[in-house]
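Novice: Fold the following, please.
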Amino acid sequence: MPNITVARRRNALALHRRFLEEAVAAGLPAKGLDQAFAKKIEISPSMWSQIKSSRPIGDNLARQIERHCNVEPGWLDKEDRPSEVPDAAEERFIAAAREAWRTANAKGKKELSGWLKKRAQDAAGNEPAP
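Specialist: As a prediction, this is how the structure comes out:
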């Protein structure tokens with residue numbers, strides 16, 4: 001039997017992540033984005049904080065979130081989206097990679113990029129490019 005509470009939270013976090021990525025890509029500062037997301041889905045920042053940690057998302061709120069995030073009704077209820085929500089280890093890696101990239105000079109950025117491409121190719125079982 002599907003666990004709708006877990007699926008809804010996971011998918012709501014995926015929508016939140018999408019919102020954050022779009023906001024940062026648009027040049028908005030990271031500070032205050034949780035509050036901005038809560039405003040977008042028309043709930044209080046406190047309620048959003050509770051949802052992120054443990055508060056279940058009821059049917060009416062699920063449809064409200066879907067409507068404001070422009071996804072089809074029932075989107076939050078589907079369990080087939082786990083790859084859209086990163087885990088804590090992935091988030092720590094991304095933060096470390098971002099810090100390494102931002103503090104590196106051009107040579108360091110080239111080395112980082114090459115290293116990551118090689119690891120991705122190795123993981124996929126591909127031969128490295130010359």
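Novice: Where does the prediction get shaky in the protein?
Specialist: For the chain, the stretches flagged by pLDDT under 70 are 1-2, 80-90, 126-130.
Novice: give me the element the residue sitting nearest the centre point of it is part of.
Specialist: With distances taken as C-alpha atoms, centre = their mean, Arg17 lies nearest the centre of the chain, 3.1 Å away. Applying DSSP states H and E as the criterion places Arg17 in helix 4-25.
Novice: Which other helices and strands does that helix contact?
Specialist: Other helices and strands packing on helix 4-25, by 3 or more C-beta pairs under 8 Å, 6 or more residues apart in numbering; DSSP states H and E, are helix 33-40, helix 45-53, helix 59-68. From N, CA and C alone the C-beta is placed, and that goes for glycine too.
Novice: can you list contacts of the second one?
Specialist: This means helix 45-53. Helix 45-53 has contacts (C-beta atoms under 8 Å, 6 or more residues apart in numbering) with 9, 12-13, 16, 34-35, 37-38, 41, 43, 55, 57.
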